[in-house]
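Trainee: Predicted structure and sequence below. I'll ask about it afterward.
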Amino acid sequence: MTQSQQIAILEAFDAARAAQPRLPAIDIAERLAISEGELQAARLGRDVWTLPLPPSEIASYLPTLGRVKSLTRSRLAVLEQTGGYPELRGGAQTGLLLDPGGLDLRLLYSHWHWVCLIRDAMPSQDGSKEWRWSLQIFNQHGCAVHKCFALETPLPSAWDALAALGTQDTPAFTQSAPRLKRPLPNAPDLAGEWGAMQDVHQFFALLQRHRLERIEANQLMEGHYTRALPANILENLFHQASQHALPLMLFVASPGCVQIRTGTLPTPQRARSWLNLFGDSFTLHLDDTAIDQVWQVSKPNRDGGVTSIEAFDAQGALVLQIYAERREGNPESSAWRQLLNELNQREAVA
C-alpha cells in the first residue's frame, strides 16, 4: 500500500464515520472495493496496532478479556454473542472454547494471518466521545476471522497488556481467488463410507479422502443421505422452532473460526432483505434472500444419527448449519425430526 493509497483510505474512512459513526468497517471497505483487513491496516499508527504474537498465544488472552461481544461471520450470516470466553483448550493448530449456551468456538489457527487491536471513537448519549476497544483477527486475504469488542468499563487489565505489546508492523495481504465450479466428480465409495460413519466428526476426513467440497458431497448423496430443500425455507424453520421452543445449535463459520450458539430462538424478524434473530445475549443476521441452496443432511453415528440443515451461497460456500441441541451419547431430538418432517410435507403439498 502506497502512502497516497493510505491517505485516500483514511480520508474515506473518516468521511464515512463522520456521516454514520456506527457504520461497520466491512461496509466502508466494500464501498472502497478493498478488504476489511486492508482498511484496518491503513489505520496502523492511528487507533490500530498489530499484535505480533502466535495465534495460540493470542487465543490464550481471550478468557481474560472480560465480558465481550463476540462476532463471527460467513458470507451471508453474522453471529454476535455477549458473554465471557471460557477456558482455552486445544493445541498449537486448533483452539477450543467450549461453553454450550455461551461463547462456544472452534479456532483454526492456520488461517490466522493478522491480529490487531483497534480503538474506535463512538458517540455517547451526552455527545462526548467514548472509545470502543476490539481485538480483530484476519486471514491472508483480509477477511475477518473473528472479532471481540470490550463491554466492561473500566477495561480489564488484559486489554492494557495487549496494548503494551502493539506495534505498527504492516501485514501483507493477497487477493482471494474466486471459487471455481467444476463438474460433479465421481465418488463410487462415498455412500458406503458415509453409511459406515460412527461419529459426525469423521465427516471431515471423508470429504478429504474423496477430495470433495461439502456441497458436492450433498449433491452426490441426494436421495440417500441428503435432500435438497427450497432456498427460502429457513424463515419458516425459524418460526416453527421458535413457536415450539425447540433448542437448536446455530453454526456460523469464517475461514478460521466456527462460532456456535445453542438454545431456543426468538421470533425471527425481517429488516430489508435480512432475516434477524434478536435474543437476550445473541443476534443472528442472515441474508437469506441471497442463499442459493439449502440441504437436509443425515449423518449416521453410534447414537442413531443426526440431521442438519445446511445453507450455501451461490459460490458453494457454507453460510449456516443448524442442528438440534444434543449432548454426546444421547439420541437426536424427536421434536427436531418431527419439525423437519412437517416442513418437508408442507413443501411437498405446495
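Mentor: Happy to help now that I have it. Residues are numbered from 1 along each chain as shown.

Trainee: just for the stretch 1-150 of the chain, where's the confidence low?
Mentor: Within the stretch 1-150 of the chain, the ranges that satisfy pLDDT under 70 run 127.

Trainee: Which parts of it are helices?
Mentor: Secondary structure of the stretch 1-150 of the chain (DSSP state H, counting those that start in this stretch): helices located at 3-19, 25-32, 36-41, 55-61.

Trainee: which other helices and strands contact the third one?
Mentor: Using 3 or more CB pairs under 8 Å, 6 or more residues apart in numbering; DSSP states H and E, the elements in contact with helix 36-41 are helix 3-19, helix 25-32, strand 114-123, strand 129-138. In short, each C-beta sits where N, CA and C put it, glycine included.

Trainee: from those, which stretch is densest packed?
Mentor: Ranked by mean neighbour count, these are led by strand 129-138 with a mean of 19 (mean count of other CB atoms under 10 Å).

Trainee: tell me the angle it makes with helix 25-32.
Mentor: Counting by axes from the mean of the first three to the mean of the last three CA atoms, to 10 degrees, strand 129-138 lies at 70 degrees to helix 25-32.

Trainee: about what we covered before: dump the helices of the stretch 1-150 of the chain to JSON lines, plus distance to Val68.
Mentor: JSON lines is the format used below for these (distance: least, CB to CB, whole Å):
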{"stretch": "helix 3-19", "distance to Val68": "22"}
{"stretch": "helix 25-32", "distance to Val68": "17"}
{"stretch": "helix 36-41", "distance to Val68": "18"}
{"stretch": "helix 55-61", "distance to Val68": "11"}
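
Trainee: Which one of these lies nearest to Leu107?
Mentor: Between Leu107 and the helices of the stretch 1-150 of the chain, the tightest spacing by CB to CB is seen for helix 55-61, at 5.7 Å.

Trainee: got the CA coordinates for the closest one in CSV?
Mentor: Only the C-alpha atoms of helix 55-61 are listed here, as CSV (Å, rounded to 0.1, in the frame of the first residue of the first chain):
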residue,chain,number,x,y,z
PRO,A,55,-2.2,-17.4,17.2
SER,A,56,-2.3,-19.8,20.2
GLU,A,57,-0.9,-17.1,22.4
ILE,A,58,-3.5,-14.5,21.2
ALA,A,59,-6.2,-17.1,21.9
SER,A,60,-4.9,-17.6,25.4
TYR,A,61,-5.8,-13.9,26.1
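
Trainee: Mind listing what's buried along that helix?
Mentor: Judged by neighbour count using 16 or more other CB atoms under 10 Å, the buried positions of helix 55-61 are 55-56, 58-59, 61.

Trainee: closest to Phe282 among those residues?
Mentor: Ala59 (21.0 Å).

Trainee: That'll do, ta.
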